[in-house]
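How does the following fold in three dimensions:
(2 chains)
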Amino acid sequence: MIERSPIEQIFRDEYGKVVSSLIRQVGDFEIAEDSVQEACEAALKQWADSGLPPNPGGWLMTTAKRKAIDKLRRSANYRRKQRDFGYREQIDRPGGDPMDDLSFDGSQLRDDQLRLMFTCCHPALGVDAQVALTVKTLGGLTTAEIARGFLVPEKTMAQRIVRAKRKIKSATIPYRVPTDDELPDRLASVLGVVYLIFNEGYAASSGADHVRGELCDDAIRLGALLEQLMPDEPEVVGLNALMGFHHARKATRVDHDGQPVLLEDQDRSRWDAATIADMDARLIAALRRGQVGSYQVQAAIAAVHATSASFSATDWPQIAGLYDRLAGLTPSPVVDLNRAAAHAMAFGEAAGLEALVTLADSLASYAPYHSTVGELLARSGDPAGAIRAFERAIVAGTSEGETSRLRARIDQLKD
Amino acid sequence: MQYLLLIYSEPANDPQPDETGAAIMTAYREFTDAITEEGILVAAEALEGVESATTVRVRNDETLMIDGPFAETKEVLGGFYLIDVPDLDAALKVAARLPGSWHGSVEVRPVFDWTKVEL
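Numbers count the residues shown, from 1 in each chain, chains lettered A, B, ... in the order given. Down below sits the predicted model:
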């Protein structure tokens, strides 16, 4: 976890809720975010003097709302906006008690977050912008933290977020959950963004910046929110199960020195058995609905690994079959590579190498392709070919940990 | 909200005077009729070919004219529709119905809203 003061932690936890609720009420991203920002600054001062209020989230909501109303009144087009969004009732509600906002955890609040998620993940925004905006507004991370998490300069990240917000406003990207006919495509883009956020965090080794671990937590939280609000979408369950299975194995993925540990060498007794059992049950229930999609299939692959007693007991023919299905649903060279590796495990190295032949061109600069070829050649008794392939993998570009693992493998083969 | 739908295409891909071309022209007519009916059409025009373009610049009180378009590109502006719809989602749906998005590309540009300017 990142070192945060208790107050900063409250900001992080409440930010997305307050912003999404305020955007609905004022219909303006910028005014909403600026107001929440100012409310946080006011809270820093006031809470330091007089201690935490009984409901910090409600306090932030009320304060941010007052600030937003001030901003709206000051703006020249207040009347027009009033007409457009019907602020009058919100603002001049007779006897309206701002403390009403203390009843803060309602279904309204979750609906607001869902709407905001669809706005942030609108396909008219670039994927990078969708991801950044989602983490910023719903995750409550600061721009500096997000920039660290995604390994880009803070200025780049700030520009990305500002540009996305401007486009939402100038192009009038609506703030609503898509209609039924649009939903499948739009939900796919939201799920894609959540999974990208998760992967960004997951790819980091234990020694890396802790912000990246928080990206995993954010993705899991957003996934849970989606599932709560859209319980009839089996792909949402699929994504959550997929992230859950990965997360359950998190502790064993790297050793004490931060070096990656291969699946076959991971200590399965340290996997989170309770989460695995829970995810497995939910995934099976989702699959029974018969609307299979790529996240459910990927989760099923992760489930076979997660529930296998040992590496040698892995049901490879089942995994190979699931990869066949996945390659049909979402054809991509990377899926084909994993499919080939699974076929090698299930039906022998020759079957795997045969499946890899067609990928040689499309994956020539993709390091995992070469390391997979190398591994299969090594196992089929061609150490010279294996060494060549491992060297190509290193040239193609691998992480520090992966490079030293491949070097060790090359030395092993030379002996 | 008004949006300008700009139709860009490679002249070679534009509807030719053959059967396919006739079908596309019919599709354009039907599309125009439909959005007129729906009350969202503000204006629409097709443009003469890019070879008919003249580009004008005034520098130091001197008017410079160039025979040709502002920029030489493979895909050229061939026409536009100006529509009035509630939001970007609605505009994008109209763009996908526009036959220009089948033989070329349609750029969707929100029209600047002067009432949003704080003076």
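
so which helix or strand takes in A:R110?
Assessed by DSSP states H and E, A:R110 sits inside helix A:107-120.

Quick check: mean pLDDT of that helix?
What helix A:107-120 shows for mean pLDDT is 88.

can you list contacts of that helix?
A:16-17, A:19-21, A:23-24, A:130, A:133-134, A:137-138, A:164, A:168, A:173-178, A:186, A:190, A:193, A:222, A:225-226, A:228-230 (CB atoms under 8 Å, 6 or more residues apart in numbering or on different chains). Where C-beta positions appear, they are placed from N, C-alpha and C, glycine not excepted.

Out of those residues, which are close to chain B?
Among these, the ones lying near chain B by CB under 8 Å from any CB of the partner chain are A:173-174, A:178.

want to throw those residues into a markdown table with pLDDT, neighbour count and distance to A:L263?
Listed next are these as a markdown table, based on pLDDT from 0 to 100; neighbours: other CB atoms under 10 Å in any protein chain shown; distance: CB to CB, whole Å:
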| residue | pLDDT | neighbour count | distance to A:L263 |
| --- | --- | --- | --- |
| A:I173 | 92 | 23 | 41 |
| A:P174 | 90 | 16 | 44 |
| A:P178 | 89 | 18 | 38 |
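
Tell me the confidence at the nearest residue to A:V237 once chain neighbours are set aside?
The spatial neighbour of A:V237 that comes closest, neighbours along the chain excluded (CB to CB, 6 or more residues apart in numbering or on different chains), is A:A286 at 3.8 Å. For A:A286, the pLDDT comes out at 96.

that older thread, out of the contacts of helix A:107-120, which are buried?
With neighbours counted by 16 or more other CB atoms under 10 Å in any protein chain shown, these contain buried members at A:16-17, A:19-21, A:23-24, A:130, A:133-134, A:137-138, A:164, A:168, A:173-175, A:177-178, A:186, A:190, A:193, A:222, A:225-226, A:229-230.

pretty sure A:V190 contacts A:L226?
Yes: counting by CB atoms under 8 Å, A:L226 is a contact partner of A:V190 at 7.0 Å.

what's the longest helix in chain B?
helix B:19-37 (DSSP state H).

What are the buried residues along the helix or strand that it is followed by?
Once the chain leaves helix B:19-37, the next helix or strand it forms, by DSSP H and E, is strand B:41-46. Using 16+ other CB under 10 Å as the test for burial, strand B:41-46 gives B:41, B:44.

What helices and strands are in contact with strand B:41-46?
If contacts are counted by 3 or more CB pairs under 8 Å, 6 or more residues apart in numbering or on different chains; DSSP states H and E, strand B:41-46 sits against helix B:19-37, strand B:76-84.

between the longest one and strand B:41-46, how many degrees?
So the one you mean is helix B:19-37. 160 degrees (axes from the mean of the first three to the mean of the last three CA atoms, to 10 degrees).

Touching helix B:19-37 from outside, list them.
Outside helix B:19-37, the residues touching it (CB under 8 Å, 6+ apart) are B:15, B:41, B:44, B:81, B:83, B:94, B:97-100, B:102-103.

Show me just the buried residues among those.
Buried, going by 16+ other CB under 10 Å: B:15, B:41, B:44, B:81, B:83, B:94, B:98-100, B:103, out of the contacts of helix B:19-37.

out of the residues you listed, who's nearest A:T358?
B:H103 (33.2 Å; CB to CB).

The closest one contacts B:D14, doesn't it?
Yes: between B:H103 and B:D14 there is a contact at 6.8 Å, judged by CB under 8 Å.

how far is the helix or strand hosting A:A241 from where the chain is centred?
Assigning secondary structure by DSSP H and E places A:A241 in helix A:234-248. Offset of helix A:234-248 from its chain centre (CA atoms, centre = their mean, to the nearest Å): 11 Å.

Run through the neighbouring helices and strands of the helix or strand that that helix is followed by.
As assigned by DSSP H and E, the chain's next helix or strand after helix A:234-248 is helix A:273-287. Packing partners of helix A:273-287 (3+ CB pairs under 8 Å, 6+ apart): helix A:234-248, helix A:294-306.

Format the CA atom coordinates belonging to helix A:273-287 as PDB.
Coordinates of the C-alpha atoms in helix A:273-287 are reproduced here as PDB (Å, rounded to 0.1, in the frame of the first residue of the first chain):
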ATOM      1  CA  ALA A 273      -7.700 -21.200  -1.700                       C
ATOM      2  CA  ALA A 274     -10.800 -19.400  -0.500                       C
ATOM      3  CA  THR A 275     -10.800 -16.900  -3.400                       C
ATOM      4  CA  ILE A 276     -10.100 -19.700  -5.900                       C
ATOM      5  CA  ALA A 277     -13.100 -21.800  -4.600                       C
ATOM      6  CA  ASP A 278     -15.300 -18.700  -4.600                       C
ATOM      7  CA  MET A 279     -14.300 -17.700  -8.200                       C
ATOM      8  CA  ASP A 280     -14.600 -21.200  -9.400                       C
ATOM      9  CA  ALA A 281     -18.200 -21.500  -8.200                       C
ATOM     10  CA  ARG A 282     -19.200 -18.200  -9.600                       C
ATOM     11  CA  LEU A 283     -17.600 -18.900 -13.000                       C
ATOM     12  CA  ILE A 284     -19.400 -22.300 -13.300                       C
ATOM     13  CA  ALA A 285     -22.700 -20.500 -12.600                       C
ATOM     14  CA  ALA A 286     -21.900 -17.900 -15.300                       C
ATOM     15  CA  LEU A 287     -20.900 -20.500 -17.800                       C
END
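
Just the residues contacting that helix, thanks.
By CB under 8 Å, 6+ apart, the surrounding residues in contact with helix A:273-287 are A:234, A:237-238, A:240-241, A:244-245, A:247-248, A:296, A:299-300, A:303, A:306-307.

any idea which of these is closest to chain B?
A:P234 (25.1 Å; CB to the nearest CB).

tell me the contacts of the closest one?
A:286-287, A:289, A:291-293, A:296.

So which of those residues is the closest to A:H122?
A:H122 has its nearest neighbour among these in A:G293, at 20.8 Å by CB to CB.

hang on, the closest one packs against A:E235?
Yes: the pair A:G293 / A:E235 is scored as a contact, 4.3 Å apart, by CB under 8 Å.

How about B:L47, nearest residue that isn't a chain neighbour?
B:G79 (5.4 Å).

Just give me the neighbour total for that neighbour.
Residues lying near B:G79 (other CB atoms under 10 Å in any protein chain shown) number 19.

same thing with B:G49?
Around B:G49 there are 10 other residues, counting by other CB under 10 Å.
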